[in-house]
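Q: This is the structure alone, sequence omitted:
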């Protein structure tokens, strides 16, 4: 009877634990191997996409050098080696989370191009801040004073030059604030 009890203990309690443990170890090893193989490829694709975005916004660029900045929220600042301007990536805070905003500035601090990855925002509402028709209002704005984007986004009569999308206020303001941070970073690195 004792031997039957040991057999039941092994088959009912210990054997499933051992089998599950071995399965977990094998699956973890395979996941680690897969990650080791794909991580460099994913990182390379991210770098290629970032370079393509910089080149899209500053088509006359000959090459890019990354510059240091201490502006919080600014992910990266790249200067064109040929002197055609700067490309600044800012991590804005949209309605549903991070809202990456990439701004191209001329050497004088005028916005030459802007691109927003609004894929994480609400479709049809917040995602509109990524559309070219919305972003076109930023093109040509310049940093005229050091108090942020507010001076660059007012018409001569004092009215706002930047429209905030109705229903997408958080996303619109996230882009607006990200552009302000891009101007701050520009002020730190210009001429570098």
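A: That came in fine, so what should we check first? Computed from a prediction, not measured in an experiment: that's the story for all the values here.

Q: Quick check: buried residues in stretch 23-43?
A: Judged by neighbour count (16 or more other Cβ atoms under 10 Å), stretch 23-43 contains no buried residues. For the C-beta atoms, the positions are set from N, CA and C on the backbone; glycine is no exception.

Q: what about that stretch, distance to the chain center?
A: 25 Å (Cα atoms, centre = their mean, to the nearest Å).

Q: what does stretch 31-46 give?
A: 20 Å.

Q: remind me which residues of this protein are low pLDDT?
A: Scanning the chain for pLDDT under 70 picks out 1-7, 122, 143-161, 163, 165-168, 191-192.

Q: can you pull out the strands in it?
A: 64-67, 74-80, 86-94, 97-105, 111-116 (DSSP state E).

Q: Determine which residue lies closest to the centroid of this structure.
A: residue 100 (3.2 Å; Cα atoms, centre = their mean).

Q: Quick check: that one vs residue 15, distance?
A: 50 Å (Cβ to Cβ, to the nearest Å).

Q: go on, residue 139?
A: Residue 139 is 68 Å from residue 15, by Cβ to Cβ.

Q: same deal with residue 134?
A: Distance from residue 134 to residue 15, by Cβ to Cβ: 62 Å.

Q: Would you mind listing the buried residues in stretch 42-56?
A: So for stretch 42-56, counting by 16+ other Cβ under 10 Å, buried means 50, 53-54.

Q: Same drill for residue 134 and residue 15, tell me which one is more crowded.
A: Counted by other Cβ atoms under 10 Å, residue 134 and residue 15 do not tie: residue 134 has more neighbours, with 20 against 11.

Q: Let me know whether the more buried one touches residue 126 as I believe.
A: No - with contact defined as Cβ atoms under 8 Å, residue 134 does not count as touching residue 126 (10.9 Å).

Q: re earlier: now render the strands of the chain as a markdown table, adding distance to residue 164.
A: Output for the strands of the chain, formatted as a markdown table (distance: least, Cβ to Cβ, whole Å):
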| stretch | distance to residue 164 |
| --- | --- |
| strand 64-67 | 31 |
| strand 74-80 | 22 |
| strand 86-94 | 13 |
| strand 97-105 | 14 |
| strand 111-116 | 14 |
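
Q: do you know which of those strands lies nearest residue 29?
A: strand 97-105 (32.3 Å; Cβ to Cβ).

Q: Can you list the buried residues in that closest one?
A: For strand 97-105, burial by neighbour count (16+ other Cβ under 10 Å) applies to 99-105.

Q: and which of the residues you listed is nearest residue 120?
A: residue 99 (7.0 Å).

Q: what sits against the closest one?
A: For residue 99, the contacting residues are 91-93, 116-118, 120-121, 129, 171, 174-175, 178, by Cβ atoms under 8 Å, 6 or more residues apart in numbering.
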